[in-house]
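A.B. asks: sequence unknown, structure follows:
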């Protein structure tokens, strides 16, 4: 039995790979949902850490922040949602300047080597999950009673669907960038990798009720064709359908998504625990080439992306650091790009923090150290998914493989 540690990663990588070369490399990234609304200096310092840590993408969400209790931050720019009604005059597009500054910083700091994934609305605001405030669509569907099933009307009521399309149009086409020469966001492929249909449509609802699923392709087509993301080579992401509810993988990929030609990316949200088995083995099994789930994705010519995953406490034999490494490495072995949920600055064990938080201020041996290791590994890991239309991909990547036997706890390999 030989121990494998982060510090020995660079020397041992060759032992973990075959000599077979592939055409494209995978990539990794992170989520940071309130990063645009931090003070500029702090925002840019975090973006710098994320980029230097090996990330090629950052995902963020357009939603209101009405409290300064987000993680270890007490200096957020508090703001309402940019949309405060269902009509064309019910938008404060000046709030998008802050997101535009964020886009500019990502582009500048990374020299164009890192891109943003945007979720332009969060279903959790409608449903009242995660203590999020009731927004315009929440009020319109539930009248503030987030325990009501009326929130599902968001996906079926034609007036609400049209109001949501108006939101997407206002953000992506009507708003003109202050940092990119007045361009519309729908054209900024140099810094925007993709746009989610929504963050977690039908969150925690599986299966999607019959008759509602037509919304998926309706919004996909509107983004890709009417708003022009397709002609700009900006990908349409599913955004974590059902919020990860239902069977692992398949709950995020209903037939309505797989059969929609205008949806480019099946974006998985899955939070796995090592309570019952090695957490990495769950990813290996789900994403194996030739397996049912992988075949469902590839046979429908979709790209596959794990948009949210994180550490969850489980088997005490796993530390947070080893769990993050194990999951990230398994995704890299399977050649599936990903973004970790989520990163922050400051103390990741703060009173408002959850176990999944990773602070970019962590040093050697920290959870950030583990995450950086698999982020950097991702950029050299082979993938058979061709993302070259949307993001620069390295050529000559190497197919990562498990060595000789099964990986056991604490990054040890059995030969």
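C.D. replies: Yes, it's here. Please read these numbers as outputs of a predicted model, since none were measured by experiment.

A.B. asks: low-confidence regions, the stretch 1-150 of the chain specifically.
C.D. replies: Filtered on pLDDT under 70, the stretch 1-150 of the chain yields the residue ranges 1-23, 69, 72.

A.B. asks: could you give the number of residues near residue 256?
C.D. replies: Counted by other C-beta atoms under 10 Å, the residues lying close to residue 256 total 17. C-beta: built from backbone N, CA, C; applies to glycine.

A.B. asks: in terms of helices and strands, where is it?
C.D. replies: Taking DSSP states H and E as the definition, one finds residue 256 inside helix 255-258.

A.B. asks: packing partners for that helix?
C.D. replies: If you count contacts as 3 or more C-beta pairs under 8 Å, 6 or more residues apart in numbering; DSSP states H and E, helix 255-258 packs onto helix 214-221.

A.B. asks: chain center to the helix it packs on, what's the gap?
C.D. replies: With C-alpha atoms, centre = their mean, to the nearest Å as the basis, helix 214-221 stands 20 Å off its chain's centre.

A.B. asks: tell me the first helix or strand C-terminal of that helix.
C.D. replies: Using DSSP H and E, the first helix or strand after helix 214-221 is strand 235-237.

A.B. asks: helices along the stretch 51-200 of the chain, start to end?
C.D. replies: Taking DSSP state H, counting those that start in this stretch to define them, one finds helices in the stretch 51-200 of the chain at 96-109, 123-127, 136-142, 158-169.

A.B. asks: nearest to residue 189, out of those?
C.D. replies: Distance to residue 189, taken as C-beta to C-beta, is lowest for helix 96-109 among the helices of the stretch 51-200 of the chain, at 11.2 Å.

A.B. asks: how about the strands in the stretch 251-400 of the chain?
C.D. replies: Taking DSSP state E, counting those that start in this stretch to define them, one finds strands in the stretch 251-400 of the chain at 265-269, 303-308, 338-340, 343-344, 358-359, 382-383, 395-400.

A.B. asks: burial measure for the residue nearest to residue 49 when sequence neighbours are not counted, as a count.
C.D. replies: Sequence neighbours aside, residue 360 is the residue nearest to residue 49 in space, at 4.0 Å (criterion: C-beta to C-beta, 6 or more residues apart in numbering). Applying other C-beta under 10 Å, we find 24 residues neighbouring residue 360.

A.B. asks: cool, and the one 5 residues further on?
C.D. replies: Other residues within reach of residue 365 by the criterion other C-beta under 10 Å amount to 13.

A.B. asks: residue 181: neighbouring residues, count only.
C.D. replies: Per other C-beta under 10 Å, the neighbour tally for residue 181 reads 7.

A.B. asks: do you know how far it is from residue 190?
C.D. replies: From residue 181 across to residue 190, the span is 12 Å (C-beta to C-beta, to the nearest Å).

A.B. asks: what of residue 34?
C.D. replies: Distance from residue 34 to residue 190, by C-beta to C-beta: 24 Å.

A.B. asks: more neighbours, the two?
C.D. replies: Taking neighbours as other C-beta under 10 Å, residue 34 and residue 190 compare with residue 34 leading, 18 against 13.

A.B. asks: so that one touches residue 76, yeah?
C.D. replies: Yes: using C-beta atoms under 8 Å, residue 34 is in contact with residue 76, at 6.2 Å.

A.B. asks: can you list residues touching both of these two?
C.D. replies: Overlap between the neighbourhoods of residue 34 and residue 76 consists of 65, 70, taking contacts as C-beta atoms under 8 Å, 6 or more residues apart in numbering.

A.B. asks: so residue 383 sits against residue 331, correct?
C.D. replies: No: applying C-beta under 8 Å as the test, residue 383 and residue 331 come out as separate, 10.1 Å apart.

A.B. asks: shared neighbours, those two?
C.D. replies: 26, 337.

A.B. asks: number of residues surrounding residue 225?
C.D. replies: With other C-beta under 10 Å as criterion, residue 225 counts 13.

A.B. asks: separation between it and residue 236?
C.D. replies: Counting by C-beta to C-beta, the gap from residue 225 to residue 236 is 10 Å.

A.B. asks: overlap of the contact sets of these two?
C.D. replies: Shared contacts of residue 225 and residue 236, defined by C-beta under 8 Å, 6+ apart, comprise residue 262.

A.B. asks: now do the same contact list for residue 229.
C.D. replies: 172, 186, 195, 223, 235, 236.

A.B. asks: if we use 7 Å, what do you get?
C.D. replies: Contacts for residue 229 (C-beta atoms under 7 Å, 6 or more residues apart in numbering) come out as 186, 195, 223, 236.

A.B. asks: now swap in residue 81 and tell me
C.D. replies: Shown in contact with residue 81 (C-beta under 7 Å, 6+ apart): 63, 64, 135, 136.
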